[in-house]
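[1] Next come a sequence and a model predicted from it.
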Amino acid sequence: MKQDDMSFELLPSAWRVVIQSPPGLLKALTQEGALLCASLCAKVREAIQAKHWTEVKTLGKELQEVSWESLHSGAAWREVTVTIRRAYAHSQFVLAAAEIVQMQQDGYSDTAETCLKECMRRLDMALLMGPPDIQAEANGLIDWVQDELLQHLPQKPLLPARKRFRPSKARINDEEDDIPRLACPSLHAFLDQHIKPQVPVILTDGLEHWPALKLWRDLNYLKRVAGQRVVPVEVGTGTYLTAETEEEGEDEEGGEWGQQLMPLTDFIERYVVDACSEVDGGEGEFGRESVKNLMVSGADAKLEYTSGGGEGEGIGRDVGKIEGKTNRALRDKRKKKGYLAQHELFEQVAALKKDIYVPDYCALEVDEEGEEEEDGQVILHAWFGPGGTVSPTHTDPYHNLLAQVVGSKAVRLFAPSQSPYLYAHEGLLNNNSRVNVQKPDLEKFPLFAQAKSQRCVLKEGEMLYIPPLWWHHIESLETSFSVSFWWGRRRG
């Protein structure tokens, strides 16, 4: 064996299994005409069998580059074949394994932390971009890496004193809330009074049993259980509201938004901690900000990438769209914000999923004839970011329970009957309004003056029921962590 080659036996057994070429992958790649990918997969397998790990790394990187290009050669994520996604995931498994072999051969030297973090990054990239059927294998390897990080590497210092976000400048009084609150209604009452007639409501006293209500206030906890996990973060300035006359990704105030991949720790330290001001309190905690007399600013916003984000559109759907248009002068003047938005974080990080529970209300549905029915699928999304982050006015095609775990949010709802006044985009983004409801241009959108809405401030420990196809505009008033639950059949 060459001096720079490494032993296959140094790999834990789970790794030895996962780096083997998936059954049928070479044949499927060949049938789809992805001959270069197929050739590289075959060469990777030969190099592994020969225990030539330097060559494995070289070929793995070539396979990564070729499959990555194939992932982004189509017009939409849904057009990418499962075979290409599996080839990319295989490249990440192989390269992660090479890092582990190198680290173990070196005997956990000073480079061990770098190797483990790079290994974690590659496994998360496999999860983000690979097919759903690799999740069990990837999560098993991630657990192994997480254990290695905790056992062999020194822990970083805790975050400094408790932080809180500066509130928005504009104000709205609590008495302007016009969405009713109910204390943990029965399933029968919720079905008859809200799901069937599609009436929004705020549910209280339904989250007290969630460990997340306490645990997620501690940024050190989030860093400890998920800090090295790679997540997609929306990053930008301005209000990210695409106007008719503006190019996609740049709003009429010159703002720009794109998506970046980064470890959760980097997101917290760069966009969460840096956005806070110090106050007295426990280490690393979110600050409790009173929501009375706070709200709605026309600050930064985020436009959803998808038209509803339905089934089959996973967490990797637009990861490749990293860079947007650039306006350097304004970027220098206004600090960028980061928002972990509409991400299936709990499928990625099982430790965080243990801190929450799917509400029983998500078992309820009504079919076309008005009969009660059940649907077992519930889609969970995480929404985590600083005050001022905004989801502009849009609709979703499912029943939606928005659970507010940390912080508070200002919500404005419009019934489907108000759609003629909200000027929906055409095409793929037809579930998004072209109107900036915080600062509407009535010369451009005169009918918006007739739109009727309901408002509320959603507080910690509350859940807001948003019926399917109801327009909603949501702004974080302070540091905020929310979980949305989508369920039922797709509408629209």
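    Ah, there it is.
[2] Contact partners for the residue nearest in space to the middle of the chain?
    The centroid of the chain falls nearest to His343 when counting by Cα atoms, centre = their mean (1.8 Å). Contact partners of His343, counting by Cβ atoms under 8 Å, 6 or more residues apart in numbering, are 231-232, 315, 381-382. Where you see a C-beta, it was placed from the backbone N, CA and C, and this is true even at glycine.
[3] before we move on, what about Thr393?
    By Cβ under 8 Å, 6+ apart, Thr393 lies in contact with 412, 414, 422, 432-433, 435, 437, 471-473.
[4] Of the residues you listed, which pair is most distant in space?
    Comparing all pairs in these by Cβ to Cβ, the longest separation belongs to Arg412 and Asn432, at 14.6 Å.
[5] Counting neighbours, go ahead and name the busier of the two.
    Taking other Cβ atoms under 10 Å, Arg412 and Asn432 do not tie; Asn432 has more neighbours (24 against 19).
[6] Show me what the nearest residue to that one once chain neighbours are set aside is bridged to.
    Leaving out its chain neighbours, the residue that sits closest to Asn432 by Cβ to Cβ, 6 or more residues apart in numbering is His394, at 4.6 Å. With DSSP bridges applied, His394 shows beta-bridge pairing to Asn432, His472.
[7] Going forward, count from 130.
    Noted, 130 is the first residue going forward, which turns the last one into His523.
[8] can you count the residues close to His523?
    22.
[9] any idea how far it is from Gln231?
    46 Å (Cβ to Cβ, to the nearest Å).
[10] cool, and Leu224?
    According to Cβ to Cβ, Leu224 stands 11 Å off from Gln231.
[11] could I get the contacts of Thr522 as a markdown table with distance to Leu245 and pLDDT?
    Output for the contacts of Thr522, formatted as a markdown table (distance: Cβ to Cβ, whole Å; pLDDT from 0 to 100):
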| residue | distance to Leu245 | pLDDT |
| --- | --- | --- |
| Arg541 | 45 | 97 |
| Phe543 | 48 | 98 |
| Leu551 | 49 | 97 |
| Asn561 | 40 | 95 |
| Ser562 | 45 | 96 |
| Val564 | 48 | 95 |
| Val566 | 46 | 92 |
| Trp600 | 45 | 98 |
| His601 | 41 | 97 |
| His602 | 42 | 96 |
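[12] Kindly reformat those as a markdown table containing distance to Gln389.
    Formatted as a markdown table, these follow (distance: Cβ to Cβ, whole Å):
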| residue | distance to Gln389 |
| --- | --- |
| Arg541 | 29 |
| Phe543 | 31 |
| Leu551 | 30 |
| Asn561 | 22 |
| Ser562 | 26 |
| Val564 | 28 |
| Val566 | 27 |
| Trp600 | 29 |
| His601 | 26 |
| His602 | 25 |
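[13] ok, of those residues, which one's closest to Ser220?
    Distance ranking of the contacts of Thr522 against Ser220, using Cβ to Cβ, places Asn561 first at 34.9 Å.
[14] pretty sure the closest one is touching His554, no?
    Yes: judged on Cβ atoms under 8 Å, Asn561 makes contact with His554 at a distance of 5.1 Å.
[15] which stretches of the stretch 230-379 of the chain aren't confidently modelled?
    Across the stretch 230-379 of the chain, the ranges flagged by pLDDT under 70 are 237-238, 281-305, 367-379.
[16] Phi, psi for Ser220 please.
    Dihedral pair for Ser220: phi -60, psi -40, per degrees, to the nearest 10.
[17] measure it to Ser150 for me?
    Distance from Ser220 to Ser150, counting by Cβ to Cβ: 11 Å.
[18] Compute the number of surrounding residues for Gly269.
    When counting by other Cβ under 10 Å, one arrives at 14 neighbours for Gly269.
[19] for the one 4 residues further on, same thing?
    Residues within reach of Trp273, counting by other Cβ under 10 Å, total 16.
[20] phi, psi of it?
    phi -60, psi -50.
[21] separation between it and Trp144?
    For Trp273, the distance to Trp144 equals 8 Å [Cβ to Cβ].
[22] go on, Lys483?
    Taking Cβ to Cβ, one finds Lys483 at 25 Å from Trp144.
[23] Compare these two and say which is more crowded by neighbours.
    Per other Cβ under 10 Å, whichever of Lys483 and Trp144 has more neighbours is Trp144, with 21 against 13.
[24] Can you tell me what sits against the one helix or strand Leu252 maps to?
    Using DSSP states H and E, Leu252 falls within helix 241-258. Helix 241-258 is contacted by residues 200, 214, 217-218, 221-222, 224-225, 228-229, 231-232, 235, 263-264, 267-268, 270-271, 274-275, 277-278, 281-282, 357-361, 390, 392, 444-445, 448, 477 when judged by Cβ under 8 Å, 6+ apart.
[25] Mind doing that once more with 7 Å?
    When contacts are defined by Cβ atoms under 7 Å, 6 or more residues apart in numbering, helix 241-258 is touched by residues 200, 214, 217-218, 221-222, 224-225, 228-229, 231-232, 263-264, 267, 270-271, 274, 277-278, 281-282, 357-359, 444-445, 448, 477.
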